[in-house]
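Novice: Dropping a prediction and its sequence here:
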Amino acid sequence: MQKIISLLTACFMSACATAPSQTASVNRMAESLHAQLKGDVVGYAFALGTEPMVTGSGGLARAKADGGPKPFTPDTPMIIASVSKLVSALATMRLLPDYGLTLDTPIGPYLPRDWKVDPYLQNIKFAQLLNQTSGIKDFGNGPMSYERLKSFFTRPVDVASTTSCGGVGVVDPASPVTPNNLAFCYSNYNAALLTILLPKVSGLPDTTDFERAYERLVQETVFKPVGVTNAACAPKGVYALSYIYPGDAPGKNWGPQYGRCATGGWYVSPAALGKVLASVAKRDGKILRETKDHSGYADMRARGLGLDRNNAEMMEKNGILGDDPGVLAVSALFFFPDSKVPLPAVLFTNSTNKAGQIAQPRPYLERARTEAFSSAP
């Protein structure tokens, strides 16, 4: 781990912090995505690279059955599912230093004062929420109201528990928190608690409307710095619905997501999310703090904050929402195609594919990268 951090620090301090020209390869990636996705999904849109960022789209955000046709464009918002957890992680990494806190600060002082919280839970660190190592073993699907969070986080913790990490198969176990097993275990409760913690860190009282306060804080810390003004926890204007291919039946309208915005409910366009990733990739300090002594990007990379995958080839956060009659999927990626300099890539799909499967964005992006960077200049 120390070797990774040292390499990242060296890269940040040297000329490798400026990405080499990848324009031709990024354009080839765009061509590959169009070729793969045209006619395979109801609608798609993407954003690739930094300067210049290459965007593209095809198909429909709204089909005829839903008042369309309305084209899917790079500026069309869509619910980004669990990629919202990456957004919440970025907001946390930005906000903590503003109040003299670190990723290793315990969360206890920033819980509502009337919650009677087990000492173990009080001592969970912010980083453990962001990288899913808090010991929580309950997957926690569905909306996360204040009452649900209070009920969960005021339960006693059995330090001798042996609850295993079972993904979506582990729901409301007898002992949902296992202090003696802190390996990665995906739980929506980790990010959901940030709905309360971030407003409390900023000094807001217990009487706060936490869901709206969380939304405003994230808008100010993640989206506004890169010029995005329309990201929200509830849809506005024309936004993409989700469909079963070929989209000849009405799609799924997910509606407002205040109950689970921190875990899966942000409405953002591909171009807007691309701007967020570009800022992180360039280490321009607009979202994550970047100084000669400390790199927020290096923290994210070395500690896996807000990520599902974190290896030598990529960092990724993906998200899928599926429900009859619609499925959507999002991938937010940082590729490392020819150096340690990250190449951001965002792809949204708003339906199953022609084969009747979830149109997972990452395989499309991986194929596009392979085709683009293995081609002759």
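Specialist: Happy to help now that I have it. Numbers count the residues shown, from 1 in each chain.
Novice: Mind checking what helix or strand follows the helix or strand of the chain with the lowest mean pLDDT in sequence?
Specialist: For the chain, the helix or strand with the lowest mean confidence is helix 2-13, at a mean of 38 (criterion: mean pLDDT, DSSP states H and E). Per DSSP states H and E, the first helix or strand lying C-terminal to helix 2-13 is helix 23-37.
Novice: Can you name every helix or strand that that following helix contacts?
Specialist: strand 43-48, strand 54-62, strand 343-349, helix 361-373 (3 or more CB pairs under 8 Å, 6 or more residues apart in numbering; DSSP states H and E). Placement of C-beta: from N, CA and C, glycine included.
Novice: Can you give the strand pairings for the third one, parallel or anti for each?
Specialist: Meaning strand 343-349. strand 43-48 (antiparallel), strand 326-335 (antiparallel) (DSSP bridges).
Novice: CSV please, covering the helices and strands packed on helix 23-37 and showing mean neighbour count and mean pLDDT.
Specialist: Below are the helices and strands packed on helix 23-37 laid out as CSV (neighbours: other CB atoms under 10 Å; pLDDT from 0 to 100):
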stretch, mean neighbour count, mean pLDDT
strand 43-48, 29, 98
strand 54-62, 22, 98
strand 343-349, 29, 98
helix 361-373, 20, 96
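Novice: Save the ones you listed as CSV, and put in distance to Lys286 too.
Specialist: Supplementary listing: the helices and strands packed on helix 23-37 in CSV, determined by distance: least, CB to CB, whole Å:
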stretch, distance to Lys286
strand 43-48, 17
strand 54-62, 19
strand 343-349, 14
helix 361-373, 24
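Novice: Which of the ones you listed sits closest to Asp308?
Specialist: For the helices and strands packed on helix 23-37, the distance to Asp308 is smallest for helix 361-373, at 9.5 Å, taking CB to CB.
Novice: Got the phi and psi for Ala249?
Specialist: The phi and psi values for Ala249, taken as degrees, to the nearest 10, are phi -110, psi 160.
Novice: Next, count neighbours for it.
Specialist: Ala249 has 13 neighbouring residues, counting by other CB atoms under 10 Å.
Novice: ok, it touching Ser351?
Specialist: No. When contacts are counted by CB atoms under 8 Å, Ala249 is not listed as touching Ser351 (10.8 Å).
Novice: Show me the one of the helices and strands packed on helix 23-37 that comes nearest Met300.
Specialist: Closest approach to Met300 among the helices and strands packed on helix 23-37 (CB to CB): strand 343-349, 12.7 Å.
Novice: Now do the contacts for Gly49.
Specialist: For Gly49, the contacting residues are Gln22, Thr23, Val26, Ala278, Leu343, Pro344, Ala345, by CB atoms under 8 Å, 6 or more residues apart in numbering.
Novice: Can I get those in CSV including distance to Leu307?
Specialist: Listed next are the contacts of Gly49 as CSV, based on distance: CB to CB, whole Å:
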residue, distance to Leu307
Gln22, 22
Thr23, 27
Val26, 22
Ala278, 17
Leu343, 16
Pro344, 13
Ala345, 14
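Novice: Quick check: of those, which lies closest to Trp254?
Specialist: Set against Trp254, the nearest of the contacts of Gly49 by CB to CB is Ala345 (23.8 Å).
Novice: OK, contacts around that closest one?
Specialist: 29, 46-49, 277, 331-335, 365, 369.
Novice: will you turn those into JSON lines that also has distance to Gly356?
Specialist: What follows is the contacts of Ala345, written out as JSON lines (distance: CB to CB, whole Å):
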{"residue": "Met29", "distance to Gly356": "26"}
{"residue": "Phe46", "distance to Gly356": "22"}
{"residue": "Ala47", "distance to Gly356": "27"}
{"residue": "Leu48", "distance to Gly356": "28"}
{"residue": "Gly49", "distance to Gly356": "32"}
{"residue": "Leu277", "distance to Gly356": "30"}
{"residue": "Ser331", "distance to Gly356": "20"}
{"residue": "Ala332", "distance to Gly356": "25"}
{"residue": "Leu333", "distance to Gly356": "25"}
{"residue": "Phe334", "distance to Gly356": "30"}
{"residue": "Phe335", "distance to Gly356": "28"}
{"residue": "Leu365", "distance to Gly356": "21"}
{"residue": "Arg369", "distance to Gly356": "26"}
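Novice: returning to that earlier point: wait, which of the strands paired with strand 343-349 is closest to Gly135?
Specialist: Closest among those, using CB to CB: strand 326-335, at 26.2 Å.
Novice: same question for the closest one, mean pLDDT?
Specialist: Here strand 326-335 scores 97 as its mean pLDDT.
Novice: repeat for stretch 207-215
Specialist: So the average pLDDT for stretch 207-215 ends up being 95.
Novice: Can you tell me what sits against it?
Specialist: The contact list for stretch 207-215, computed with CB under 8 Å, 6+ apart, reads 146, 194-196, 198-199, 202, 204, 232-233, 258-259, 261-262.
Novice: again, only this time at 7 Å
Specialist: With contact meaning CB atoms under 7 Å, 6 or more residues apart in numbering, stretch 207-215 is reached by Tyr146, Thr195, Ile196, Leu198, Pro199, Leu204, Ala232, Cys233, Tyr258, Cys261, Ala262.
Novice: quick one, domains of this structure?
Specialist: As recorded under automatic domain parsing, the domains making up the chain are 2-81+231-373, 100-201.
Novice: can you give me the strands for the protein?
Specialist: For the chain, the strands defined by DSSP state E cover 43-48, 54-62, 70-71, 78-79, 267-268, 309-310, 314-323, 326-335, 343-349.
Novice: Turn these into TSV, columns for distance to Ala240.
Specialist: Output for the strands of the chain, formatted as TSV (distance: least, CB to CB, whole Å):
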stretch	distance to Ala240
strand 43-48	6
strand 54-62	4
strand 70-71	8
strand 78-79	4
strand 267-268	9
strand 309-310	25
strand 314-323	12
strand 326-335	7
strand 343-349	7
